[in-house]
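Visitor: model this:
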Amino acid sequence: METNNEIILKPGFRNSFGNGWQVMMKNFLRLFLVVVILGIIVGPFRLLEFKFDAADLHGAPWNWDWENADGWEHIFNMVSLGMFAAFFALLAALYMLLVVPVFKYGGKMIFVQAVRKIKPDFEYFVKGFMENYLSIVLANLLVIALVVMGLFALLIPGIIIACRLAFVSYIIMDKKLDPIEAVELSWKMTRGHGWKIFFMGFASFFIFIFGLILFLVGVFPASIWIMSSFASLYEAVNQGMEKPVEAEVVAG
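Guide: Got it, this is the predicted structure:
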């Protein structure tokens, strides 16, 4: 784990966004590149929104004649179309679960480096595939499963779980723990900070919307600011947990 003991952060709402703004201004181009790369990686999610229209198939190589097809032929065409859609949905789901988390976790670690005033290492985008790929994938699945279960349990538990597990991605990349340990540590680290995380997420929504209003151009600085702020909160809480340990070592 890379740290910089000269940086002292406080885990507050205003402090996190304030430091996040400073981090963005000092590392704008590098973090801008991170956001652009993440946008490109997440782009294929749009496959999930792909809508088939029979009219779009006119002139296709197989030349399905939907209007003049008889009953059995129409059924065959519908089944084929359904299989085609299911295939693309499966590819999108696998990409979402097996590829995207590695880049997202790596991107978050790059923001933590920026908060620590360490030159961002773009290799973190691919380090996850080589070092702790299984932990990233399993941790992502575990968090999704826990949050979804909580959402089905009257919504509020899902929001609580999402806030308490907000640090899992940072912990996986920063401390190289396994998924269960990362979830347990995130729950411990966020004790007493749940409301901060919730309100930061709430404020981030409006920051992002404001960025959209600025003809999409503002989306990039908005995203950088949000990610820098959450990375700042993680680092502040992380420092607070490590100080007692360091003090014991010095006293010993």
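Visitor: any idea how far the spatially most central residue of the chain lies from residue 127?
Guide: Residue closest to the average C-alpha location in the chain (CA atoms, centre = their mean): residue 104, at 5.0 Å. Noted for residue 104: a distance of 13 Å to residue 127, by CB to CB, to the nearest Å. For every residue, glycine as well, the C-beta is placed using N, CA and C.
Visitor: so what does the host helix or strand of the residue nearest to the centre of the chain touch, helix or strand wise?
Guide: Counting by DSSP states H and E, the element that carries residue 104 is helix 100-115. For helix 100-115, the elements it packs on are helix 13-26, helix 28-42, helix 124-130, helix 133-152, helix 168-175, helix 219-251, judged by 3 or more CB pairs under 8 Å, 6 or more residues apart in numbering; DSSP states H and E.
Visitor: Out of those, which gets nearest to residue 191?
Guide: Of all the helices and strands packed on helix 100-115, it is helix 219-251 that lies closest to residue 191, at 9.6 Å by CB to CB.
Visitor: The closest one to helix 100-115, inter-axis angle?
Guide: 70 degrees (axes from the mean of the first three to the mean of the last three CA atoms, to 10 degrees).
Visitor: model confidence over helix 219-251, on average?
Guide: For helix 219-251, mean pLDDT is 82.
Visitor: Use 46 as the first number for this chain going forward.
Guide: Let's use 46 as the start, then, which means that last one is helix 264-296.
Visitor: in that helix, what's buried?
Guide: By 16 or more other CB atoms under 10 Å, the buried positions in helix 264-296 come out as 264-284.
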